[in-house]
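1. coordinates for the following, if possible.
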Amino acid sequence: MQPIYLDHAATTPIADEVIQAMMPIYQDVVGNASSVHSFGRKARQHLDGARRVLAQSIAAKEKEIIFTSGGTEADNLALIGTAKANMHKGRHIITTVQEHHATLHTAEELEKQGFTVSYLPVDETGRVNIEDLEQALTNETILVSIMFVNNETGVIQPIEEIGKLLQSHQAYFHTDAVQAYGLLDINVDEMGIDLLTTSAHKINGPKGIGFLYAREGLAMNALSYGGEQERKRRAGTENIPGVVGFQKAVELSMNNRDERLKNYQSYKEILLQTLIENEISFSINGDKDHTIPSIINISFDGINVEAMLTNFDLDGVAASSGSACTAGSVEPSHVLAAMYGAGNPITTNSIRFSFGSMNTVENIQEASMRIVKVVNRLK
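-> This is a model prediction of the structure:
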């Protein structure tokens, strides 16, 4: 039985072209990009070239791109760095209850350090209400952090509306765009975004590399101390092979984005149609009209997520859930709890399927039938 991977929202395989781009860097580019000799200049050339491509991908300036080890570090730098540099203006931060834990846990840490954090609710569609944000804003608010696309449901937040609202306010606007980057059009100026987080391994790039976009002139403290890399905002010798791999992954994602979106939408439709034809009882979590094609979160009536994931794995289907599964117990998804209430069965019977480069029409059809088989077995 050939395993079928439906968990691209967790991580993606590195594209062959990315590996091919990185190998010569490992073999031939031995210098430190901070060194002034020819070896260092060669490394610097690759670093600057990648920074240029990544900046162009979101319509930013090269100097506004800060390389990090990935999305988690970028979220930490955005929240902690910005909060501490602007605390003289106020100590109030706004985020949502359904953020990625890289943001939520960072916000909780800032609360311990004397900041006040407001956690906006979401409705059953999984979207933030702009009126709630407007009411939460105060003269003390210095930062608003709302993710672009939710990693569990694929629901897209009203980013442009949020950006417009904050144009007349002192608060900076940060968005974790890890699940949106490479799939959706992003123009940081047009959308009013001041800080934006990405990660290479979500777009068929290498793990351990990402970037934080930080608007020019934005006050932000560094979290690490040492050298003066990344314009003194992130100390440490740059990961040149990772940076080059990230560049190639971005180029690939931009070149074939429309085709990929079309494919992912067809995969989603195949899965749903198969469930319907086989009379599987299910519901879709989140606003179907504001969701990226690559992610779908499905609630299966009367079935426990832990048993379902185990059986999917035994039948060669890799999927995931927002629930933290441990031996004999399931911790409900905080995202679905925010949408439907903590006691709702949806929080413990839902599965996330996410599509990507390892999928074809044929293996989606096969995976869909295996899913039907498992659900019928567990019923």
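2. tell me where the model's unsure across the stretch 201-350 of the chain.
-> For the stretch 201-350 of the chain, applying pLDDT under 70 flags the ranges 323-330.
3. so where do the strands sit in it?
-> 210-214, 282-284, 295-300, 317-318, 324-326, 329-331, 350-354 (DSSP state E, counting those that start in this stretch).
4. just name whatever secondary elements the fourth one is in contact with.
-> Using 3 or more CB pairs under 8 Å, 6 or more residues apart in numbering; DSSP states H and E, the elements in contact with strand 317-318 are strand 4-5, helix 361-378. In this view, the C-beta of every residue, glycine as well, is placed from N, C-alpha and C.
5. that strand pairs with which strands, parallel or anti?
-> Using DSSP bridges, the strands paired with strand 317-318 in its sheet are strand 4-5 (parallel).
6. gap between the strand it pairs with and the chain center?
-> 20 Å (CA atoms, centre = their mean, to the nearest Å).
7. after it, which helix or strand is next?
-> Using DSSP states H and E, the next helix or strand after strand 4-5 towards the C-terminus is helix 16-28.
8. buried residues in that next one?
-> Judged by neighbour count (16 or more other CB atoms under 10 Å), helix 16-28 contains these buried residues: 18, 21-22, 25.
9. and what of stretch 133-140?
-> Quick answer for stretch 133-140 (16+ other CB under 10 Å): 133, 137.
10. what sits up against that stretch?
-> Residues external to stretch 133-140 that are found in contact with it (CB atoms under 8 Å, 6 or more residues apart in numbering): 89-92, 94, 116, 118, 120, 144, 146, 162, 165, 169, 171.
11. how far is it from where the chain is centred?
-> 26 Å.
12. next, the distance between the ends of it.
-> 14 Å (CA to CA, to the nearest Å).
13. for stretch 154-170, same thing?
-> Start to finish, the residues bounding stretch 154-170 are 29 Å apart (CA to CA).
14. just to revisit the earlier point, by neighbours, which of the contacts of stretch 133-140 wins?
-> V144 (27 neighbours; other CB atoms under 10 Å).
15. that one in helix, strand or coil?
-> strand (DSSP: H, G, I helix; E, B strand; the rest coil).
16. test of understanding: give the bridge partners of it.
-> I94, F173.
17. ok now do it, which residues does it touch?
-> Taking CB under 8 Å, 6+ apart, one finds 93-95, 133, 137, 162, 166, 171-174 in contact with V144.
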